[in-house]
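**Q** Structure for the following, please:
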Amino acid sequence: MNARAQFIRTMASRAQFAFAVVAITAICHGADEPKSASNDHPPNIVVIFIDDMGYADIGPFGATAYKTPHLDQMAKEGRIFTDFHSATAVCSASRAGLMTGCYPERVSILGALSPKANVGISDNEVTLAQLCRTRGYATAIYGKWHLGHHKQFLPLQHGFDEYFGLPYSNDMSPLQAEMIDMPPAAAARKRESPPLPLIENNEVIDPAVNPEKLAQLTTLYTEHAVSFIDRHKDQPFFLYVPHTMVHVPLAVSDKFKDKSGAGLFGDVVMELDWSVGEILDALKRNNIDDNTLVLFTSDNGPWLNYGNHAGSAGPLREGKGTMWEGGYREPCVMRFPGKIPADTKCDEFACTIDMFPTIAKLIDADPPTKNTIDGKDIWPLMSGEHGAKSPHEFFWCYYDGELRGVRDRQWKLVFPHQYRSLDGKPGGRDGNPVPYKQLKTKEALYDLKSDVGEHHNVSADHPDIVAKFEAEGEKARAALGDKLTGRKGSEVRPPGKVAE
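**A** Residues are numbered from 1 along each chain as shown. Next comes the predicted model:
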């Protein structure tokens with residue numbers, strides 16, 4: 001029996017016992033005694049995960065060109081996190097971090113898995129959905145999975161009861177060539193890609209998503225999410241909504257087409273904001289609002305070379321595909337009435353990998369003991385505990401197997417590496433990207449509390465901090481390796497591989 005199976009069997013037995021105790025207690029107190037939803041079962045968990053959204057792309061983080069009223073209200077009723085990060089700055093890897101609580105390098109899911117990939121999330125990893133299932137939760141995902149498209153890697157094989165969505169990114173298909181006027185060579189390459197499938201549970205229900213269907217996906221995901229809430233209001237649930245948007249090619253339904261006054265990108269964000277409102281309304285309508293944690297964030301920063309079809313990292317440096325702050329620092333709003341203080345903010349460092357142990361604590365589930373989990377419990381930060389600080393002594397800034405830096409609550413040491421940049425030039429227009437320039441950086445130290453844009457290298461002023469962070473980098477390389485230095489990590493776990 002593998003580690004995951006043993007963990008699930010143990011936790012399932014524990015969950016059955018726990019629910020039996022709850023049932024007996026209810027009988028002893030009398031069937032007529034009224035109960036609030038918050039006393040019936042552990043809290044519901046809703047994770048709304050946007051694709052390629054920049055730090056400054058919603059109202060609570062500075063967007064002004066279009067309106068995001070539901071996210072604005074969510075922030076007023078909850079807490080924003082100004083130093084919240086995805087595990088890394090690219091699609092599949094960042095989702096692996098969220099689902100497992102681990103650095104992507106630890107679980108060997110790197111980059112963005114293509115339709116030709118023969119690897120995916122391993123059966124030996126425990127996902128957030130499997131963790132929640134041990135406590136009797138219903139689980140569902142509506143949106144982009146991107147942790148392997150073969151059946152053995154799909155959500156139903158990794159803890160989810162329901163799945164509706166895309167197996168990978170919408171640009172990994174001929175859609176871009178169909179939707180915009182691309183240069184002939186680029187269009188030819190896109191048309192060589194396989195059609196984009198839409199999957200329900202384990203079955204392909206549409207083998208070739210067309211532009212019209214792509215424009216309906218935000219609505220379809222939202223309708224599925226609301227239905228799931230309505231159907232599971234009387235039991236604990238974990239709902240994961242990883243939207244396809246704002247990943248290119250952009251598409252929006254007629255409800256929001258030309259409504260923002262800020263072009264297609266603004267229309268798309270407004271529709272995502274509408275989706276948030278629909279989910280929050282469903283929680284309120286079903287009287288489970290005060291027993292539900294809702295997290296809104298993104299998988300990585302904006303794909304800047306797409307210009308007006310990309311978002312903004314605001315004051316942060318660079319975007320998607322880099323480990324400068326613009327690549328992996330994300331807008332984050334959390335809401336849990338009565339548990340997370342309303343209209344507040346947290347400036348402490350936190351990360352998507354922290355949601356695994358934090359949710360485990362909230363629902364009284366034990367994380368797996370055989371597999372190392374890198375995330376930390378951040379409930380003190382979420383609940384606004386006085387004086388709470390980030391539980392991370394260090395965070396390892398990995399991208400595609402390269403250790404590009406190490407940071408803590410204040411400082412960030414960047415190691416020498418090559419990165420992509422527009423180098424001050426404007427991005428593309430209307431869905432066509434411009435090429436990046438490859439730049440190189442030397443080792444540099446930044447004080448992120450006073451220099452969030454990473455403009456001023458202060459390594460000469462703080463040699464002791466540089467030495468400390470260099471030593472931490474060596475620990476990271478020993479554990480998880482580093483392509484930049486040719487190191488192999490001793491704690492790397494293999495990915496899942498397609499069964500022969």
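**Q** what comes into contact with the helix or strand encompassing residue 106?
**A** Using DSSP states H and E, residue 106 sits within helix 104-107. Helix 104-107 has contacts (Cβ atoms under 8 Å, 6 or more residues apart in numbering) with 87-88, 92-94, 96-97, 100, 110, 121-122, 125, 372, 374, 398, 401, 479-481, 489, 491-493, 495. Every C-beta, even on glycine, is put in place using the N, C-alpha and C of the backbone.
**Q** what do you get for stretch 375-390?
**A** Around stretch 375-390, the neighbours that count as contacts under Cβ under 8 Å, 6+ apart are 79, 81, 83, 101-102, 334, 336, 339-341, 344, 346, 348-351, 353-358, 361-362, 391-392, 408-409.
**Q** Now the buried members of these.
**A** The neighbour-count test (16 or more other Cβ atoms under 10 Å) marks 79, 81, 83, 101-102, 334, 336, 339-340, 346, 348-351, 353-358, 362, 391-392, 408-409 as buried among the contacts of stretch 375-390.
**Q** ok, residue 140 - how many residues close by?
**A** Using other Cβ atoms under 10 Å, residue 140 has 24 other residues around it.
**Q** meant to ask about residue 174, not that
**A** For residue 174, the count of nearby residues is 19 (other Cβ under 10 Å).
**Q** okay, it: pLDDT?
**A** Looking at residue 174, its pLDDT stands at 97.
**Q** Okay, and which of the contacts of helix 104-107 map to strands?
**A** Judged by DSSP state E, the contacts of helix 104-107 include residue 398 as members of strands.
**Q** Now, of the contacts of helix 104-107, which are buried?
**A** Burial by neighbour count, 16+ other Cβ under 10 Å: within the contacts of helix 104-107 this picks out 87-88, 92-94, 96-97, 100, 110, 121-122, 125, 374, 398, 401, 479-481, 489, 492-493, 495.
**Q** give me every residue that touches the residue nearest to the spatial centre of the chain.
**A** With distances taken as Cα atoms, centre = their mean, residue 299 lies nearest the centre of the chain, 4.0 Å away. For residue 299, the contact set (Cβ under 8 Å, 6+ apart) comprises 49-52, 86, 91, 94-95, 98, 242, 330.
**Q** cutoff 7 Å now
**A** Taking Cβ atoms under 7 Å, 6 or more residues apart in numbering, we find residue 299 in contact with 49, 51, 86, 91, 94-95.
**Q** ok, so of these, who is nearest residue 326?
**A** residue 86 (11.7 Å; Cβ to Cβ).
**Q** Quick one: the strands in the stretch 301-450 of the chain, in order.
**A** For the stretch 301-450 of the chain, the strands defined by DSSP state E, counting those that start in this stretch cover 329-330, 333-335, 344-346, 350-351, 395-399, 402-407, 411-414, 417-421, 437-441, 444-447.
**Q** I'd like the ones you listed as CSV, with distance to residue 475 and mean pLDDT appended.
**A** CSV is the format used below for the strands of the stretch 301-450 of the chain (distance: least, Cβ to Cβ, whole Å; pLDDT from 0 to 100):
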stretch, distance to residue 475, mean pLDDT
strand 329-330, 23, 98
strand 333-335, 30, 99
strand 344-346, 27, 98
strand 350-351, 18, 98
strand 395-399, 9, 99
strand 402-407, 9, 98
strand 411-414, 13, 99
strand 417-421, 18, 98
strand 437-441, 22, 98
strand 444-447, 18, 98
